[in-house]
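**Student:** Test case, fold it:
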Amino acid sequence: VQLQASGGGLVQAGGSARLSCTVSGRPIRSLHMAWSRQAPGKEREFVARIILNGATSYEDSVKGRFTISREIAKNTVYLQMNGLQPEDTAVYYCSAASLTLRDPIWGQGTQVTVSS
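**Tutor:** Here you go, the predicted model:
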């Protein structure tokens, strides 16, 4: 299983961005998918998750601003980010987990920088 994240970049405060995570090697409907982020000098933190049945959950600071979704036909998971703030600046990572995977699989990060 391999994950390829894309969609990061430089965004002004209040703006929007959409991250994509394309999975190869396994259908995403068989995976719990998540987005995490790591800001400079901080530990990686959970952002959003979508599980097998499509249920979603979010870290408190992004609730109402970020939306995780998946497109089964494209084997891709998205993170729509609205109302971006400078504190959202981080490297964003997608990950995949499953009972049949010993450890979660991580994609390479994609940088999101929000300017004030």
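**Student:** which residues in the chain form strands?
**Tutor:** 2-6, 9-12, 17-24, 32-38, 45-50, 56-58, 66-71, 76-81, 90-97, 105-106, 110-115 (DSSP state E).
**Student:** Paired strands for the third one, with orientation please.
**Tutor:** According to DSSP bridges, the neighbouring strands of strand 17-24, each with its direction, are strand 2-6 (antiparallel), strand 76-81 (antiparallel).
**Student:** That strand: which residues count as buried?
**Tutor:** Buried residues in strand 17-24, counted by 16 or more other CB atoms under 10 Å: Ala17, Leu19, Ser20, Cys21, Thr22, Val23. (Each C-beta comes from the backbone N, C-alpha and C, glycine too.)
**Student:** Any idea which residue is closest to the centre of the chain?
**Tutor:** Trp35 (2.8 Å; CA atoms, centre = their mean).
**Student:** Wait, that residue touches Val47, no?
**Tutor:** Yes. Using CB atoms under 8 Å, Trp35 makes contact with Val47 at a distance of 4.4 Å.
**Student:** Overlap in contacts, those two.
**Tutor:** Leu79, Tyr92 (CB atoms under 8 Å, 6 or more residues apart in numbering).
**Student:** With mean pLDDT added, can I get the strands of the chain in a markdown table?
**Tutor:** Putting the strands of the chain into a markdown table (pLDDT from 0 to 100) gives the following:
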| stretch | mean pLDDT |
| --- | --- |
| strand 2-6 | 96 |
| strand 9-12 | 97 |
| strand 17-24 | 98 |
| strand 32-38 | 98 |
| strand 45-50 | 98 |
| strand 56-58 | 98 |
| strand 66-71 | 98 |
| strand 76-81 | 98 |
| strand 90-97 | 98 |
| strand 105-106 | 96 |
| strand 110-115 | 98 |
